[in-house]
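J.: what's the 3D shape of this:
(one chain, ligands or ions: 1)
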Amino acid sequence: MIMSKRYNWAVLGCGRIARKFSSDLKLLSNARLYASAARELKRAEEFAADLGFEKAYGSYEEMVADPAVDVVYVATPHSHHHDHVLLCLNAGKAVLNEKAFALTFAEAREMVLVAREKQIFLMEAFWTRFQPSFQKALEIVRSGDLGALKVIRSDFAFNAPKDPEKRLYNVSLGGGSLLDIGVYPVFAALSALGVPESIRALATFAPTGAEESIAMVFRYPGGELASLFSSLATYSFVTTEYNCERGSVRLARRWMAPTTVTVWREGGDEKTFDFPAEGMGYQYEAAHVMECLDAGKTESDLMPLSFTLAMMETLDRIRREAGILFPGRE
Ligand SMILES: NC(=O)c1ccc[n+]([C@@H]2O[C@H](COP(=O)([O-])OP(=O)(O)OC[C@H]3O[C@@H](n4cnc5c(N)ncnc54)[C@H](OP(=O)(O)O)[C@@H]3O)[C@@H](O)[C@H]2O)c1
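T.: Next up, the predicted model:
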């Protein structure tokens, strides 16, 4: 039996998601909330005091130089993931990096190359992959019990404040719906059907130049289709459907961490599986990271880097099709 050690976690960037993730980290007995790092010491100290971290650092560089840090959760805007992940890897730290993994495929490829060369653990923090409810849905779809999967429909939209300084509408911080929330519908399609043969995508843009809404259609060699949508300018039900020949699987509202999965069968039989929420759902990915580290793995089998690279390549293809540019970054 593999014994779990207690891991010293550090967060790089003390923003909104870092707060939620750290609160869920407390649910895991083998996770020690060790260090917070922000660009300003005061911010890191406040974060550490609020969440219960033992140390606070006023720079990311100081934090990665601390030999006691085992694993770093990178929680800065996607525009900074490349540099911040490389900072951690070059300091020999295992990394859990938020989605979108990077701005471009080229950046992601370099990050993966460095991790593999150095044999250091690196994983994209795609928390949906680790939700028991999502795993159940995927298991049903893949079992073939409902016949072949033919059409996927998935969305994620919310009306975000149109603040040109904040990252969502700021192109220099990777703004736009695609890399922030459009990654989820893209993930829904790739998880079930893999990389599409062809992609069509149309986007609308905000006055800041950031993409505001995007509609995407994927077609696969077997004729399967995925109809995907994200927006920062409207609300949606935030659901995913896997539509098969003899029925359908539905992940209910806020499907990225769903508490119910409904299976409808030809003839009208409908069954709902309940997954009561524990924490906010970020603990599953953190627990998985520690299982991988316990086993001496440098990559996850559930969220392998090959999948992340396929996602990033697909996102590049969508951006080219829809005219979404990040000047100076491709
Ligand atoms: N998995 C999820 O459910 C989920 C949810 C939301 C976001 N995310 C992802 O998590 C990442 C962070 O999102 P967030 O909403 O937490 O962002 P945020 O609160 O706007 O910013 C996070 C941190 O990034 C650093 N930062 C902010 N602006 C910066 C700038 N101009 N230059 C350099 N660093 C800057 C700051 O670090 P300091 O504290 O050091 O100043 C800030 O605390 C994004 O990649 C996002 O896609 C994931």
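
J.: tell me which parts of this protein are close to the ligand?
T.: 13-18, 38-39, 43, 75-78, 80, 98-100, 125, 127, 167, 173, 180 (Cβ under 6 Å from any ligand atom). Where you see a C-beta, it was placed from the backbone N, CA and C, and this is true even at glycine.

J.: got the CA positions of the longest helix seen in the chain in CSV?
T.: In the chain, assigned by DSSP state H, the helix with the most residues is helix 305-322. The C-alpha atoms that make up helix 305-322 are tabulated as CSV, following Å, rounded to 0.1, in the frame of the first residue of the first chain:
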residue,chain,number,x,y,z
LEU,A,305,-0.4,16.6,-20.6
SER,A,306,-1.2,15.1,-24.1
PHE,A,307,-4.9,16.0,-23.4
THR,A,308,-3.9,19.5,-22.3
LEU,A,309,-1.8,19.9,-25.5
ALA,A,310,-4.7,18.7,-27.6
MET,A,311,-7.0,21.2,-25.9
MET,A,312,-4.5,24.0,-26.5
GLU,A,313,-4.1,23.1,-30.2
THR,A,314,-7.9,23.0,-30.6
LEU,A,315,-8.2,26.4,-28.9
ASP,A,316,-5.6,27.8,-31.3
ARG,A,317,-7.7,26.4,-34.2
ILE,A,318,-10.8,28.0,-32.8
ARG,A,319,-9.1,31.3,-32.4
ARG,A,320,-7.8,31.3,-36.0
GLU,A,321,-11.3,30.5,-37.3
ALA,A,322,-13.0,33.2,-35.2
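
J.: Residues in contact with that helix: which ones?
T.: Outside helix 305-322, the residues within contact range by Cβ atoms under 8 Å, 6 or more residues apart in numbering are 100-102, 104-105, 107-109, 112, 115-116, 122-124, 126, 178-179, 182-183, 186-187, 190, 194-196, 199-203, 211, 214, 216, 299, 324-325, 330.

J.: Could I have the buried ones of those as ChimeraX selection syntax?
T.: Once 16 or more other Cβ atoms under 10 Å is used to decide burial, the buried members of those can be selected in ChimeraX as follows:
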select :100,101,102,104,105,107,108,112,115,122,123,124,126,178,179,182,183,186,187,190,196,199,201,203,211,214,216,299,324
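
J.: From the contacts of helix 305-322, which land in helices?
T.: Per DSSP H, the subset of the contacts of helix 305-322 in helices is F105, E107, A108, R109, V112, A115, R116, V183, V186, F187, L190.

J.: coming back round to it: weed out the non-buried ones from the residues of the chain next to the ligand.
T.: Going by neighbour count (16+ other Cβ under 10 Å), these have 13-15, 17-18, 38, 43, 75-78, 80, 98-100, 125, 127, 167, 173, 180 buried.
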